[in-house]
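# Need the 3D shape of this:
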Amino acid sequence: MMKENNQFSDEVSKKLGYYVYRLIDPRNGDTFYVGKGIGNRIFAHALNASADVNSDNHSDKIQRIIDIQNAGLAVIHVIHRHGLKTENEAFEVEAALIDVFPGLTNMQRGHRSTEFGPMSPSEIMQKYALPPFPDLYEKAIFLNVNNLENRSDKGAIYRQVRCAWRVNKERAEQADIVIAVVKGVAVGVFENGPWIPATVINFPTLESDIEGRWGFEGEISSEEKWNHYIGDHGKRILQEHLEHEQNPVRYSY
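Down below sits the predicted model:
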């Protein structure tokens, strides 16, 4: 296995401050992970993979590192920006990089990416011209999707948003309604139903079963409720406790 440096001195760490880094696969040059940290955080992933090599349940990131190491190579580490004064600055740089690189193994999206991440000018104009999302009068689970194929078709929104999610089944089933969200805008509301495993049998649109993921059996809410929560083109979610930052699932309760 190729030997790599995996330790900064205390003096170097102090000068680095907060930084944002990328992990790159030397076999094809792809960036597969973006992170932020201080000190020796950049090296922790490869070290953890080496220590965890015999486990049967790896994250995509750790498995990628193990595959690289098994090929006799070392992960390429790149510090993309350093000298950042606060963690919030690092969050912003990290989020921008996560939005740039497709196919990352990051389990979460960038900080506030759904609110301030990549959008076309027309999406920007539409988002900030929309009315605010109203106060809730029932329990809701919010599901964040990156893009919708057809915002004008309620059935299409339902079919796209209904699976496959990493949720606590018991908690998800407590919701009265399901709200579909795209880039901080509520675009669909559905009556909640049973949550069932994300398998091809349950959801024929899936290409394969997805272990640990769930989907819901629901129905499109009434016209009155749709108008209240969604309106003609969606409503901006301004309530801080309902905003999607990194997690694709948010509960109001």
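# Now do the helices in the stretch 51-200 of the chain.
With DSSP state H, counting those that start in this stretch as the criterion, the stretch 51-200 of the chain has helices at 60-70, 87-100, 113-116, 121-129, 154-161, 169-172.
# Is it correct that residue 69 is in contact with residue 48?
No. At 11.7 Å, residue 69 does not count as touching residue 48 under the criterion of C-beta atoms under 8 Å. Heads up, the C-betas are built off the backbone N, CA and C, glycines and all.
# Same drill for the two, tell me which one is more crowded.
Applying other C-beta atoms under 10 Å to residue 69 and residue 48 shows that residue 69 carries more neighbours, namely 18 against 14.
# now the strand ranked longest in the chain: mean pLDDT?
Taking DSSP state E as the criterion, the chain has its longest strand at strand 76-84. In this model, strand 76-84 has an average pLDDT of 92.
# Run me through the strand neighbours of that strand, direction for each.
strand 18-24 (antiparallel) (DSSP bridges).
# Pull the contacting residues for residue 48.
Residues in contact with residue 48, defined by C-beta atoms under 8 Å, 6 or more residues apart in numbering, are residue 62.
# Now name the helix or strand holding it.
helix 41-51 (DSSP states H and E).
# What residues of that helix count as buried?
41-43, 45-46, 49 (16 or more other C-beta atoms under 10 Å).
# Show me which of those residues is closest to residue 146.
Within the buried residues of helix 41-51, proximity to residue 146 (C-beta to C-beta) peaks at residue 45, which comes in at 24.7 Å.
# confidence score at that closest one?
pLDDT recorded at residue 45 is 91.
# Please consider this matter closed, and thank you.
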